[in-house]
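Enquirer: Starting from these lines, generate the structure:
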Amino acid sequence: MSGITGCAVRSTTAAPADRLGRESLRRARPLLGTIVSIRIRGMEPGQAQAAAEVGFAAVADVHRLMSFHEQHSDVGRLNREALAAPIAVDARTLLVLRRALQFAALSSGAFDVTVARELVELGLLPRPRGGCAADLPDAGASWRDIELLDDGRVRFHRPLWIDLGGIAKGYAVDQALARMALAPEVQLCINAGGDLRVCGPSTETVYLNAPVAQDAVPIVVLENGSLASSTGLRRGQMRGEPRIGCHIHGVRRAPMGLRSFVSVLAPECLVADALTKIVLALGVSSGRLLRELGAGAYLYDAAHGWRTLGIGA
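Expert: Predicted structure coming up:
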């Protein structure tokens, strides 16, 4: 797998030796509805702090543009106004929308950013207000009803709400890396709530802490690549709370992944982030798509245990 080492899932109960050594800097901030951390090694502290500020600013920009919760974000404006007329959005929002529609087509709709309607009905997202968002979306609306115009504007052809939460977090990590533009000898790990990207001369050991698994914790060694993880369970549900899915199948429009967990490894974090939802939706049948995109996945469910899909399988 390009950019990935140690692709075979292996179980362990002992912590491996720290290969990264002491970081020059480690900082964390609440962004994107999670905690975003940046760890840097191989720079002077002052330079590392300045680089981290650039990275956090890039993540904050994505939050400002693509948050479902922010009324004045591009997503908020689209949900209110794009049914009535085409809406101009930031080039970064347009890029993420274009990639989201590509993943929808590649997965035959299993990945669909218009599942915001179901997430609102489950109480996982707040109901949008104002403009066209005042009415409940059309139950038959899907990604096919989103049009990206040649002039950079976006239009909806049915009442719908979009949520870019299934892809924007990975994009934010990629943006932070690009904007920081660190030298090759600098070691960097950006982690946005489990969506992470590593670059530099050293590897990063990642534990696949699947909340649905009861056996030993597998580890993955990541080098100059990205990893994203997802499960359909909400936090706290392993302690006996009712199971309410936090990911929605784009075709079935029902919660998915309530008894499974996936980690996807890919060169880009945006790709890894989106593919976690596709693997949760399609299971082992996602292997071909993973290979086509240069990605691999570790899928866990109680019936089969850990399975490796895509590149590295």
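Enquirer: what separates the closest residue to A176 other than its chain neighbours from A228, distance-wise?
Expert: Excluding the flanking residues, the one nearest A176 by Cβ to Cβ, 6 or more residues apart in numbering is G55, at 3.8 Å. C-betas here are computed from N, CA, C, even on glycine. Going from G55 to A228 by Cβ to Cβ, to the nearest Å gives 18 Å.
Enquirer: ok, these two, which is more surrounded?
Expert: Legend: neighbour count by other Cβ atoms under 10 Å for G55 and A228, higher for A228 (30 against 25).
Enquirer: Residues touching the longest helix along the chain, excluding its own?
Expert: In the chain, assigned by DSSP state H, the helix with the most residues is helix 45-66. Contact with helix 45-66 is made by 24-25, 27, 29, 31-32, 36, 38, 40, 43, 70, 73-75, 89-90, 92-93, 96, 164, 168, 171-173, 175-180, 182, 190, 192, as judged by Cβ atoms under 8 Å, 6 or more residues apart in numbering.
Enquirer: So which of those are in strands?
Expert: Members of these lying in strands (criterion: DSSP state E): L25, R27, R29, L31, V36, I38, I40, I190, A192.
Enquirer: Pull the number of nearby residues for the first one.
Expert: Looking back up the chat, that one is L25. There are 18 residues near L25, going by other Cβ under 10 Å.
Enquirer: And for it, nearest residue in space, chain neighbours not counted?
Expert: Closest residue to L25 apart from its sequence neighbours, by Cβ to Cβ, 6+ apart: A48 at 3.8 Å.
Enquirer: number of nearby residues for that neighbour?
Expert: A48: 23 neighbours (other Cβ under 10 Å).
Enquirer: do I35 as well
Expert: 13.
Enquirer: Could I get the ones in strands among the contacts of helix 45-66 in TSV, plus columns for distance to R252?
Expert: Listed next are these as TSV, based on distance: Cβ to Cβ, whole Å:
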residue	distance to R252
L25	45
R27	40
R29	36
L31	31
V36	32
I38	37
I40	42
I190	33
A192	28
